[in-house]
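> here is my input, please return the structure:
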Amino acid sequence: MRYVSNMDKTLINILTLLISGSGFFVALTKFNVPQVNQSFLGTNPFLIKRDKIDSVMTWTFTLLAISGLLLQFYAEILGENIQSRLYTQHFYIIFTACSVVVVVAIAFALTKIGRVIARRILQPILVENQKEAFEKAKFIVENDGWTKEQFPHKDTYKGPENYIEKNVNQAKEYIEQIEDLLDLKCGNLTIKQRVKELDPYFEIYKKT
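Next up, the predicted model:
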């Protein structure tokens, strides 16, 4: 069979190393957030987020690494029709440099795509997990700083401003936590506006 391809084994080996190497490197690079080391009642929601993103990213870049290995298998199977070296050393250096740029761009794009996919999978899970915290925060914000348990007896409390301040701070912590989990940036809004921004997420996944 006459050799008609412009590819040689050296080019294929370079591509295999770059594609497989980038795939395995990113798959082994774990997503992390500082909140995974904090204490929470029940399961840490940031652990759920980290593990799900890691899972999606690992599968995405494992497939990228496998594609590089398949290219090498192709070279080995059709080895008799592929020459070992067709070009000069200078060409291979330029080819490697250009390939690095392309592979980095592909890895960056796949990272973005993987994060989008992970967020879509994660959103209903995180919303369900944070439903109780959101309802508590929402009640406090909509009822002048009183919790659902305190509200019926609010007139009996001495020094109510202390209870209100404590409750509002707790509501802010809940809201900030939910915003971090959902990757939302609402810090410039008032606490009432932030609750209003979050409300549709919980309405969508509210069980009837």
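> C-alpha from now on. contacts and neighbour counts both.
OK.
> any idea how far stretch 97-110 is from the chain center?
20 Å (CA atoms, centre = their mean, to the nearest Å).
> contacts for that stretch, please.
Stretch 97-110 is contacted by residues 15, 18-19, 22-23, 26, 60-61 when judged by CA atoms under 8 Å, 6 or more residues apart in numbering.
> which ones among the residues you listed map onto helices?
15, 18-19, 22-23, 26, 60-61 (DSSP state H).
> got TSV for those residues, with distance to residue 73 too?
Shown next, in TSV, are the ones in helices among the contacts of stretch 97-110 (distance: CA to CA, whole Å):
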residue	distance to residue 73
15	12
18	15
19	14
22	18
23	17
26	22
60	20
61	19
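> chain center to the lengthiest helix in the chain: distance?
When the chain is parsed with DSSP H, its longest helix is helix 89-129. Computed by CA atoms, centre = their mean, the chain-centroid distance of helix 89-129 equals 12 Å.
> same thing with stretch 192-204?
Centroid separation for stretch 192-204 versus its chain: 21 Å, with CA atoms, centre = their mean.
> can you give the contact residues for that stretch?
Here stretch 192-204 makes contact (CA under 8 Å, 6+ apart) with 127-128, 131, 137-138, 141-142, 175, 186-187.
> how about stretch 124-144?
Stretch 124-144 is contacted by residues 45, 48-49, 146-148, 151, 164, 167-168, 170-172, 174-175, 178, 181-182, 191-192, 195, 201-202, 205 when judged by CA under 8 Å, 6+ apart.
> ChimeraX command to pick out the buried ones of those residues?
Entered in ChimeraX, the line below selects the buried ones among the contacts of stretch 124-144, by 16 or more other CA atoms under 10 Å:
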select :45,48,49,146,147,164,167,168,170,171,172,174,175,178,181,182,191,195,201,202
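> domain ranges for this protein?
Residue ranges for each domain of the chain read 9-121, 131-204, as given by automatic domain parsing.
> measure residue 194 to residue 202 for me?
Note on residue 194: its distance to residue 202, by CA to CA, to the nearest Å, is 13 Å.
> relative to helix 89-129, how tilted is the helix or strand containing residue 174?
For residue 174, the host element (DSSP states H and E) is helix 160-181. For helix 160-181 against helix 89-129, the angle by axes from the mean of the first three to the mean of the last three CA atoms, to 10 degrees is 140 degrees.
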